[in-house]
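J.: Have a look; sequence and predicted model below, questions after that.
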Amino acid sequence: MASSRRRLTTSLATVLVLTAAGGLCWWGANRAAEFIEKRSLEDVQAALMLESKDWVTVTTDGLQVHLSGTAPTEVDRFRAMTVASTVIDSSRVVDEMTVAAVAALEPPPLKIELLRNDDGISVIGLIPSSSDRAALIRTLRDETAAPQITDLLETSDQKPPQGWSKAVQFGLRAAQLAPRAKISIETGQVSISAITDSREEKGRLETSLKQAVPAGVELRTEISAPRPVISPFTLRFLIDEDGARFDACSADSEDGRDRIIEAAVDAGMHGIPGCTLGLGSPSPDWARGAVAAINAVKELGGGVVTLSDADVALTVPASVPPDTYATVAAKLEQTLPDVFSLRTEQEESSSDQDQGPVEFVAVLEETQRLSMRGPITNARMHEAVDSLAKSRFLQVDSDLRDDDAVPSGWTVRVLAALEALDTLDHGSVQVSADLIKLSGTSGNPEATEAAAARLADRLGPGVPFDLSVRYDRLLDPALNLPDGNECVRQLNIIMSEAEIGFEPNKSSIAGDPAPTLERLADVMGECRDYQVEAGGHTDSQGSEGFNADLSRGRAQALVRAMQEAGINTANMTSRGYGESQPIASNETEAGREENRRIEFRLLSERPVRTETLPPPITLQGQTSAPAGDDADHSDDDEFDAPTGDPVDVTLGPAFLGEDTDGPVNLTDAATMIRSLVLPPSDPAHRVETEFFGPSRPTAGATPFAPAMVGASEEFQSPEAREENMVVPVLTPDADTPRPSPRPGEIATEAATE
């Protein structure tokens, strides 16, 4: 009995203990769940608040977190779910959110974009489903002769608005006119961005588009053309009392132009100056050289700097201290790229100018036009300089003035300088009392030595000079390089003999073009620097627009084939002339065959330089005695007196030393003329000669005016030579002026009985 009572008590105690433990576990679990539920609610709410999702309502149900509310967009709903899932396990998040009703979307606007290039036309955009899509593509194919039409159009159930049809028709017409363009067609508006082959082509395209645009359609254009060829490549920057400015500005790239303009503005120029972008820069470092030159003028506080191709001339005001002038000039010399050659000079002060002697300057352009300015002793010497200049150069602009205050021997120095300048293709020469400076470009690799020899021959020894001449292979006659016209002639001969053909009504080349391309490559090897146009031509069969595009496509196909064959066509363009320039009748098959052709045309006679000019060859020193000073000229044919019957010519006053012209018997005057053309160191020839009047133009006649040529010692210096100078000006017919001969040459004309 007692044992049973003890077992009951033990069992009851066990139950009570287990019950208490279970109650404690339940209470602990409940408290833990409540904590997790509360913590999850707080964490999710905080995270959503940080993301500005205050439209979300967060509730919990045990371990589950419910998100409710109206999301502005589906994206916002998704973002709320993502934020909650970063705080708690995503399996506990219950999405009860809704999305606000989406407003009805506006249909996209109707629009067509035509992208045309040499490969074809791509048609992109949205058109009304009621449009005749096939007709639109067919019109492009028939009227443009494009090699390929890519249709990427989409359709819409929209009703075409008013003005849509007109804009589409004009856009198709624009695609025919512009071979390389992006044409955007919208209701009532057409925008065209195009590239043309030249400024002239740009003008023609703009005019054609303006004439074709229908009423009610707005036209917007952005048409560009290749850069012009600038020759010589020039920049002139100055700072004076009127401020800083450009007289001329050329740049070879947009980046270079920006750098040049920035330097000019930094030097004090106001506003944004214009600077022409062009081809023909003598060096890829043109902008760097231009900026250095502008900075030099800025440091000086005034002056002028001129860049003509690779020649740089810096003129410094007289007010600049010599030390500053020397420092800036040296710095510029070091800063300029290697290809550039610098020439500097400082203006004379007003007090120095009052004292007289001056500077003679002559500039020879590539067209052989000579401009010269400066003082000359008197009218007689003025005529001598003009006579020599006109005999050497194609055109002469003279701004000479008489000034008897010039140094002794001045005119002889000027004549010698002009003769030295004649060794160059283009350049300039300066003559001062103590120096002759010559710079420029020549096609003769030995032009520097030739110029020095000219100076020595005319001036004798001891005259200081400074020569800087750059060699240009394109001007070298020894290389026998063809000019632009000869290049085009050879190319057209090849095309006339070529068997290159095209598929009917297509721009695809038929047959094997390799033999013709090989011949074209041989010519283009020496002609790559000239701007050449490959022009396509057709017969009159087909529409005018189709023929224009077909001819253009064929010209482009040939140029593309030349490129693929490795021929340099960087300066070659293509153009289609259609049926507008026939060379034969279109009434016969033979004539139509002749009219279907590709013809090359020269666009500019000036080559586009593709190679940097080498640095100039410089030579400084003094003239030496000319070669052959001790030679005896008594047996030289060019100095022998004429034989046979006398030949009468008319000599100007500068030769006669009188105001009256008259015929001269060259048989009797030959000895004197011989002495005039001899070098200054030739042995003495003291000669008396007579000029005979018009009444008795034969030997032994009454003398008209005696003249005396001094002994040799009077010809040993430029000063003595100038004092005894006589200059022939030969005019055989008073009504037909004749150019003056070069020094040392005698021009004769048979007398008319």
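T.: Happy to help now that I have it. Numbers count the residues shown, from 1 in each chain.
J.: quick one: what helix or strand has the spatially closest residue to T59 that is not a sequence neighbour in it?
T.: Distance criterion Cβ to Cβ, 6 or more residues apart in numbering; nearest residue to T59, sequence neighbours excluded, is H66 at 4.6 Å. Glycine gets a C-beta too; all of them are placed from N, C-alpha and C. Taking DSSP states H and E as the criterion, the element that holds H66 is strand 64-71.
J.: same check, this time on Q556
T.: Per DSSP H and E, Q556 falls inside helix 544-564.
J.: So in terms of bridging, what pairs with the nearest residue in space to A389 that is not next to it in sequence?
T.: Leaving out its chain neighbours, the residue that sits closest to A389 by Cβ to Cβ, 6+ apart is V396, at 4.6 Å. With beta bridges defined as DSSP bridges, V396 has these partners: L370.
J.: cool, and V431?
T.: F360, I436.
J.: quick one: the closest residue to R77 other than its chain neighbours from V532, how far?
T.: In this structure, R77 finds its nearest non-sequential neighbour in A71, 3.7 Å apart by Cβ to Cβ, 6+ apart. A71 sits 67 Å away from V532, taking Cβ to Cβ, to the nearest Å as the criterion.
J.: Kindly report the same for A555.
T.: Taken as Cβ to Cβ, the spacing of A555 relative to V532 amounts to 11 Å.
J.: With neighbour numbers in mind, choose between the two.
T.: More crowded of A555 and V532, by other Cβ atoms under 10 Å: A555, with 25 against 22.
J.: The more buried one reaches G536, doesn't it?
T.: Yes. Under the contact definition of Cβ atoms under 8 Å, A555 touches G536, with a separation of 3.6 Å.
J.: any residues in contact with both of these two?
T.: 574-576, 598 (Cβ atoms under 8 Å, 6 or more residues apart in numbering).
J.: Okay, and which of those residues map to strands?
T.: With DSSP state E as the criterion, strands contain 574-576, 598 from among the shared contacts of A555 and G536.
J.: In the helix or strand hosting L140, which of the residues would be classed as buried?
T.: Taking DSSP H and E as the criterion, L140 maps to helix 133-144. Buried residues in helix 133-144, defined by neighbour count with 16 or more other Cβ atoms under 10 Å: 136-137, 139-141, 143-144.
J.: so what secondary structure elements neighbour the helix or strand that it is followed by?
T.: Note on helix 133-144: by DSSP H and E, the next helix or strand toward the C-terminus is strand 149-156. Using 3 or more Cβ pairs under 8 Å, 6 or more residues apart in numbering; DSSP states H and E as the contact definition, the elements that strand 149-156 packs against are strand 120-128, helix 133-144.
J.: Of all those, which one is nearest P107?
T.: For the helices and strands packed on strand 149-156, distance to P107 was read as Cβ to Cβ. The smallest value, 8.8 Å, belongs to strand 120-128.
J.: Strand partners (parallel or antiparallel) of the closest one?
T.: Within its sheet, strand 120-128 is paired with strand 111-117 (antiparallel), strand 149-156 (parallel), according to DSSP bridges.
J.: Measure how the last one sits relative to helix 133-144, angle-wise.
T.: Read that as strand 149-156. In terms of direction (axes from the mean of the first three to the mean of the last three Cα atoms, to 10 degrees), strand 149-156 departs from helix 133-144 by 150 degrees.
J.: With the first one instead?
T.: Relative orientation of strand 111-117 versus helix 133-144 (the same axes, to 10 degrees): 30 degrees.
J.: buried stuff in strand 111-117?
T.: Judged by neighbour count (16+ other Cβ under 10 Å), strand 111-117 contains these buried residues: 112-116.
J.: Would you format the strands paired with strand 120-128 as CSV with distance to A405 included?
T.: Putting these into CSV (distance: least, Cβ to Cβ, whole Å) gives the following:
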stretch, distance to A405
strand 111-117, 69
strand 149-156, 80
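J.: among the ones you listed, which is nearest D247?
T.: Closest to D247 of the strands paired with strand 120-128, according to Cβ to Cβ: strand 111-117, at 40.3 Å.
J.: Check the offset of that closest one from the chain's centre.
T.: Relative to the centre of its chain, strand 111-117 is centred 31 Å away, using Cα atoms, centre = their mean, to the nearest Å.
J.: ditto for stretch 121-135
T.: Taking Cα atoms, centre = their mean, the mean C-alpha location of stretch 121-135 is offset from the chain mean by 42 Å.
J.: Please apply the same query to stretch 304-311.
T.: Taking Cα atoms, centre = their mean, one finds the center of stretch 304-311 at 16 Å from the center of the full chain.
J.: which residues are in contact with it?
T.: 232-238, 282-283, 289-290, 293-294, 296-297, 312-315, 339-341, 343, 427-428, 439-441, 470, 613, 616.
J.: change it to 6 Å
T.: Taking contacts as Cβ atoms under 6 Å, 6 or more residues apart in numbering, the residues outside stretch 304-311 that touch it are 232-238, 282, 293, 297, 313-315, 339-341, 439, 613.
J.: Of these, which belong to helices?
T.: When the contacts of stretch 304-311 are checked against helices (DSSP state H), the matches are 293, 297.
J.: Out of the contacts of stretch 304-311, list just those in strands.
T.: Assigned to strands by DSSP E, the following of the contacts of stretch 304-311 qualify: 234-238, 313-315, 341, 439.
J.: Most neighbours among these, which one is it?
T.: F237 (27 neighbours).
J.: so what's that residue scoring on pLDDT?
T.: In the predicted model, F237 carries a pLDDT score of 93.
J.: any idea how far it is from L63?
T.: Applying Cβ to Cβ to F237 and L63 gives a distance of 81 Å.
J.: The stretch 301-450 of the chain: strands as residue ranges?
T.: 303-308, 311-316, 341-346, 360-364, 369-376, 395-402, 426-431, 436-442 (DSSP state E, counting those that start in this stretch).
J.: and the last one, what does it pack onto?
T.: Helices and strands in packing contact with strand 436-442 are listed as strand 426-431, strand 464-471; criterion 3 or more Cβ pairs under 6 Å, 6 or more residues apart in numbering; DSSP states H and E.
J.: What average pLDDT does the last one get?
T.: When you say that, I think you mean strand 464-471. When the per-residue pLDDT values of strand 464-471 are averaged, the result is 89.
J.: which other residues reach that strand?
T.: Contacts for strand 464-471 (Cβ under 6 Å, 6+ apart): 341, 435-439, 441-442, 445, 447-448, 451, 455, 613, 616-620, 622.
J.: what element comes up after it heading to the C-terminus?
T.: The C-terminal neighbour of strand 464-471 among helices and strands, as given by DSSP H and E, is helix 484-497.
J.: on contacts alone, who are the packing partners of that next one?
T.: Using 3+ Cβ pairs under 6 Å, 6+ apart, helix 484-497 is in contact with helix 514-527, strand 597-602.
J.: most neighbours per residue, which of the ones you listed?
T.: For those, the largest average neighbour count (mean count of other Cβ atoms under 10 Å) is found in strand 597-602, namely a mean of 19.
J.: Could I get the pLDDT score of R92?
T.: For R92, the pLDDT comes out at 82.
J.: same thing with A293?
T.: 95.
J.: ok, now the one 4 residues further on?
T.: The model reports V297 with a pLDDT of 95.
J.: Kindly report the same for L613.
T.: Predicted confidence (pLDDT) for L613: 74.
J.: Nearest to D549, out of the helices and strands packed on strand 436-442?
T.: For these, the distance to D549 is smallest for strand 426-431, at 43.4 Å, taking Cβ to Cβ.
J.: Show me the shaky parts of the stretch 201-350 of the chain.
T.: 349-350 (pLDDT under 70).
J.: For it, just list every one of the helices.
T.: If you assign secondary structure with DSSP state H, counting those that start in this stretch, the helices in the stretch 201-350 of the chain sit at 254-266, 286-300, 322-335, 350-354.
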